[in-house]
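Asker: any chance you can model this:
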Amino acid sequence: MTIVARAKNRSASGSIDGERRHAGSAQPRRHSVARAYASLLESLTKTPSGLRLPSERALAAELGISRHSVRAAFRHLHETHGVARMTGSGSYNVPPTRPRAPEDAAGHQPDVGVLDVLEARHILEPALAALATSRARSDDFTRIGERLEAVLTETEPGRYKKAGYEMWLEIARATRNPLLVAMYRMLMECRAGLGWERLRGMSTDSGQRDEQRRLAEQIWTALHARDHERARLLTMERTRNMLRAAAEIDGEARSGMHEA
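Answerer: The predicted structure is shown next:
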């Protein structure tokens with residue numbers, strides 16, 4: 001047998017062995033994912049609305065399987081059940097929002113609930129804060145500070161809420177990115193469509209409102225100091241507070257109650 005023929009023979013033999021090994025390893029992994037998914041479903045039935053599910057690390061240790069398998073089970077759970085994933089915090093049992101209607105050809109806003117808006121804020125605002133620290137000019141800080149003053153002093157819930165969005169619109173403008181500005185405008189219009197006047201919860205709870213105001217002031221300070229990491233983390237904490245509050249309430253509140 002020639003060298004080329006022997007090489008081909010070894011290659012074919014190795015390929016067959018590899019396929020056998022792959023087939024043998026795929027079955028245990030499917031079993032591990034199924035076990036993790038069944039465990040998550042059981043946890044979902046026992047976890048009250050708004051509370052966190054077991055972490056990937058904890059579930060992998062409990063079942064004695066890889067985190068890769070647990071992560072696959074979590075992905076399937078997110079697709080099939082009312083579970084919200086919050087970056088840096090974990091997965092939470094939340095009731096499903098009302099069905100979405102796609103944006104039509106005329107450019108009308110999509111049919112959204114407050115959780116949709118809050119999830120978008122949780123993703124978008126930390127990125128806006130981080131980018132604005134490197135691009136904002138002195139006049140941007142002045143305008144952001146003026147909006148912050150309204151957040152700190154406004155007492156009427158609807159105007160207080162609107163002031164918070166207007167502050168973040170100014171931060172979006174400070175990024176000098178017109179697409180980000182347009183995205184935040186759309187987010188703000190969706191929120192306005194839910195009705196500013198229908199607000200209560202964090203905007204009327206003095207303790208929660210004061211905490212959100214404190215965070216807003218610290219975000220402005222971090223922006224002015226051009227500390228992008230602190231600005232990003234403070235913003236994530238603030239939006240996470242809103243998401244947690246929204247996840248703990250019933251379907252009535254999801255029409256537009258708990259945010260700040």
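Asker: mean confidence for the helix or strand in which residue 42 is found?
Answerer: Using DSSP states H and E, residue 42 sits within helix 3-46. Average pLDDT, helix 3-46: 62.
Asker: what do you get for stretch 122-132?
Answerer: Here the average pLDDT along stretch 122-132 is 95.
Asker: residues in contact with it?
Answerer: 86-87, 140, 168, 171-172, 174-175, 177, 180, 183-184, 187, 219, 222-223, 228-229, 231-236, 238-240, 242-243 (C-beta atoms under 8 Å, 6 or more residues apart in numbering). All C-beta atoms are positioned from the backbone trio N, CA, C, and that covers glycine.
Asker: and after the helix holding residue 42, which helix or strand comes next?
Answerer: Next along the chain after helix 3-46, with elements defined by DSSP H and E, is helix 56-63.
Asker: nearest residue to residue 136 other than its sequence neighbours?
Answerer: The shortest distance from residue 136 to any non-neighbouring residue, by C-beta to C-beta, 6 or more residues apart in numbering, is to residue 174 (3.8 Å).
Asker: least trustworthy helix or strand in this structure by mean pLDDT?
Answerer: helix 3-46 (a mean of 62; mean pLDDT, DSSP states H and E).
Asker: the chain: helices as residue ranges?
Answerer: Assigned by DSSP state H, the chain shows helices spanning 3-46, 56-63, 67-80, 114-135, 138-153, 157-174, 178-193, 206-224, 228-247.
Asker: can you lay out those helices as CSV showing distance to residue 92?
Answerer: Below are those laid out as CSV (distance: least, C-beta to C-beta, whole Å):
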stretch, distance to residue 92
helix 3-46, 11
helix 56-63, 14
helix 67-80, 11
helix 114-135, 11
helix 138-153, 27
helix 157-174, 23
helix 178-193, 21
helix 206-224, 18
helix 228-247, 5
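Asker: can I get those helices in TSV including distance to residue 93 and mean neighbour count?
Answerer: As requested, the helices of the chain are exported to TSV (distance: least, C-beta to C-beta, whole Å; neighbours: other C-beta atoms under 10 Å):
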stretch	distance to residue 93	mean neighbour count
helix 3-46	6	12
helix 56-63	15	16
helix 67-80	10	17
helix 114-135	13	20
helix 138-153	31	16
helix 157-174	26	21
helix 178-193	24	16
helix 206-224	21	17
helix 228-247	8	20
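Asker: domains in the protein, by residue range?
Answerer: 3-93, 114-255 (automatic domain parsing).
Asker: which of these has the lowest mean pLDDT?
Answerer: Averaging pLDDT over each of the domains of the chain puts domain 3-93 lowest, since it has a mean of 71.
Asker: contact partners for the residue nearest to residue 65 when sequence neighbours are not counted?
Answerer: Nearest residue to residue 65 in three dimensions, chain neighbours excluded: residue 32, at 4.1 Å (C-beta to C-beta, 6+ apart). Residues counted as contacts of residue 32 (C-beta under 8 Å, 6+ apart) are 63, 65-66, 69.
Asker: and the two most separated of these?
Answerer: 63 and 66 (9.6 Å; C-beta to C-beta).
Asker: in CSV: the contacts of residue 32, plus distance to residue 212.
Answerer: Shown next, in CSV, are the contacts of residue 32 (distance: C-beta to C-beta, whole Å):
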residue, distance to residue 212
63, 39
65, 40
66, 39
69, 39
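Asker: from these, pick the one nearest residue 119.
Answerer: Nearest to residue 119 among the contacts of residue 32: residue 69, at 26.4 Å, using C-beta to C-beta.
Asker: against residue 126, how distant is that closest one?
Answerer: To residue 126, residue 69 is 30 Å away according to C-beta to C-beta, to the nearest Å.
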